[in-house]
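**Q** For reference, the sequence and a predicted model appear below.
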Amino acid sequence: MSDLKRVLILGTGPTSIQLAVNLKKQLDCYIGIAGRKSVRSDTFFSALDQSNHLVRVSIQNEKHLAMKGECIIDQVFNRYEMIEGEWDTIILSVTTDAYIEVIKQISNVVLKKVKCIVLISPTFGSNYLIQNYMNQSKSNAEIISYSTYYGDTRWMYDKPSNHVLTTAVKKKIFIGSTDDQSKNVEILYKVYGQIGIALEVMDSPLEAETRNISLYVHPPLFMNDFSLNAIFGELNNKRYVYKIYPEGPITQYLIRDMLAQWKEMMHVLEKINIKGINLLKFMTDDNYPIRVDSLSRHDIENFTYLDTIHQEYLLYIRYTSLLIDPFSEPDKDGRYFDFSAVPIKKMFVNREGDLDIPRMPKEDYYRIKIIQGIAKYLNLDCPTTDKFIKTYESKIKEVAQFHENQTLSNAFVVQSFAEDLNMICTEIGRSI
């Protein structure tokens, strides 16, 4: 029997609206949304009230027609503590570093009746984190991890409302469950097929969590002096995430660090019996393809067996080949779409009036600290991971000191995430 009849989505971002519309349209389930109190969520809940709980999704590209639609949210809770009733499934659609903070606010009476928990955008170790918490609550709920959210969804008018715009949709994502014979995964497999996304079922949720390209490319791209200077305002002109230096951070040294961090991560996976990934193949086959004229199939398939210098060379080719979209149509001047021109976002004042750090690298800080903690638990050296963290933490301390007369978000606090790591490593210890 399906556990997707009564579904409660935790989180009030654009992703939650897209999820609600897809689930309502494909499964006709009873949908609830819950959030925490903040300036942003107050705006969202006010918009929901004014629309009588109607939410809408628009699309930028007609080929994503399956994402478009509207639906009525059946029940709304504007505080996590106010959640009541029986829910078959809860979906965590919040940032990974907030998982435990959010789930702790839900009453045990409600949690004990939940049969399934779905993690939409987890990081490596998130499933173990939730498993540990639910075990403590004497729950045997199934816990499902995706590799990542399946699109790019934002507010329609740049502020929280009942209307979002989906601008991009992934062709393929990965999923894993704590239940080997999961009926829920079977249903979700069909749902995703109906909206045009291939869902690859992995042997475990932890394995699905390793299939997120952000784990391997965000730390080197953002946790370096060039990008951090751009984020924190020391470079006046625009800089771009995926461009070659001096327009962006990509140099031979960044590529060297990217490769080294991937190898450190593969040592972690090997130690806990998770299948590793071929980084170059994952980049090209499951993320952004490039033309065979730029990279041969032979080099892609055999990437893991090559010498380090050869691997670095191929990764550099990969990034230079994507400076433009190689599959776009050239304009009258022969220019292709400037694919790499993704601006590095600068620090900003958030809706609470605090100086804040953009999602990238704020969320990546949690991700990489968890990886570092797991590696240390397994007695593995991770010097490149350590270097990224040291560079980032030094920078946020320096910026916090410089802006000591302003109110700062907690993103400027150096953190250990010790509670989360202890819970994750407890579950790792049980599994190996």
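**A** Great, that's in hand.

**Q** okay, CA-based contacts and neighbour counts for the rest of this
**A** Fine.

**Q** Please, where are all the strands along the stretch 301-432 of the chain?
**A** For the stretch 301-432 of the chain, the strands defined by DSSP state E, counting those that start in this stretch occupy 348-349, 355-356.

**Q** Would you reformat the ones you listed as a markdown table and include mean neighbour count?
**A** Below are the strands of the stretch 301-432 of the chain laid out as a markdown table (neighbours: other C-alpha atoms under 10 Å):
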| stretch | mean neighbour count |
| --- | --- |
| strand 348-349 | 14 |
| strand 355-356 | 20 |
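
**Q** so which of the ones you listed gets nearest Phe282?
**A** Set against Phe282 and scored by C-alpha to C-alpha, these come closest in strand 355-356, at 32.2 Å.

**Q** Name the residues that touch the closest one?
**A** Residues from elsewhere that reach strand 355-356 (C-alpha atoms under 8 Å, 6 or more residues apart in numbering): 347-350, 406-409, 411-412.

**Q** try it again with 7 Å
**A** The contact list for strand 355-356, computed with C-alpha atoms under 7 Å, 6 or more residues apart in numbering, reads 347-350, 407-409, 411.

**Q** where along the stretch 151-300 of the chain do the helices fall?
**A** 183-194, 205-209, 214-222, 225-231, 252-271, 279-285, 297-301 (DSSP state H, counting those that start in this stretch).

**Q** Packed most tightly, which of those would that be?
**A** Per-stretch averages of neighbours, counted by mean count of other C-alpha atoms under 10 Å, single out helix 205-209 among the helices of the stretch 151-300 of the chain, with a mean of 27.

**Q** quick revisit: could you identify the most distant pair in the contacts of strand 355-356?
**A** Met347 and Thr407 (13.1 Å).

**Q** Reformat the strands of the stretch 301-432 of the chain as a markdown table; add distance to Gly276 and mean pLDDT.
**A** Formatted as a markdown table, the strands of the stretch 301-432 of the chain follow (distance: least, C-alpha to C-alpha, whole Å; pLDDT from 0 to 100):
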| stretch | distance to Gly276 | mean pLDDT |
| --- | --- | --- |
| strand 348-349 | 37 | 94 |
| strand 355-356 | 35 | 96 |
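
**Q** Let me have the ones you listed in JSON lines, adding distance to Gln181 as columns.
**A** As requested, the strands of the stretch 301-432 of the chain are arranged in JSON lines below (distance: least, C-alpha to C-alpha, whole Å):
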{"stretch": "strand 348-349", "distance to Gln181": "46"}
{"stretch": "strand 355-356", "distance to Gln181": "43"}
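
**Q** between these, which gets nearest to Ile91?
**A** Proximity to Ile91 (C-alpha to C-alpha) singles out strand 355-356 among these, at 26.4 Å.

**Q** Tell me how many other residues crowd Trp155.
**A** 18 (other C-alpha atoms under 10 Å).

**Q** still on that earlier bit, of the contacts of strand 355-356, keep whichever come out buried.
**A** Neighbour-count burial within these applies to 347, 408-409, 411; the criterion is 16 or more other C-alpha atoms under 10 Å.

**Q** closest one to Ser328 among the helices of the stretch 151-300 of the chain?
**A** Nearest to Ser328 among the helices of the stretch 151-300 of the chain is helix 279-285 (16.2 Å), distances taken as C-alpha to C-alpha.

**Q** helices or strands up against the closest one?
**A** Using 3 or more C-alpha pairs under 7 Å, 6 or more residues apart in numbering; DSSP states H and E, the elements in contact with helix 279-285 are helix 297-301.

**Q** Which secondary structure elements does the helix it packs on sit against?
**A** Where contact means 3+ C-alpha pairs under 7 Å, 6+ apart, helix 297-301 is packed against helix 279-285.

**Q** what pLDDT, on average, does the helix it packs on get?
**A** Mean pLDDT, helix 279-285: 97.

**Q** residue ranges with poor pLDDT in the stretch 151-300 of the chain?
**A** The stretch 151-300 of the chain contains no residues with pLDDT under 70.

**Q** do the same with the stretch 1-150 of the chain
**A** 1.

**Q** re earlier: distance to Asp158 for the helices of the stretch 151-300 of the chain - can I get that in a markdown table?
**A** Listed next are these as a markdown table, based on distance: least, C-alpha to C-alpha, whole Å:
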| stretch | distance to Asp158 |
| --- | --- |
| helix 183-194 | 27 |
| helix 205-209 | 30 |
| helix 214-222 | 24 |
| helix 225-231 | 20 |
| helix 252-271 | 33 |
| helix 279-285 | 30 |
| helix 297-301 | 39 |
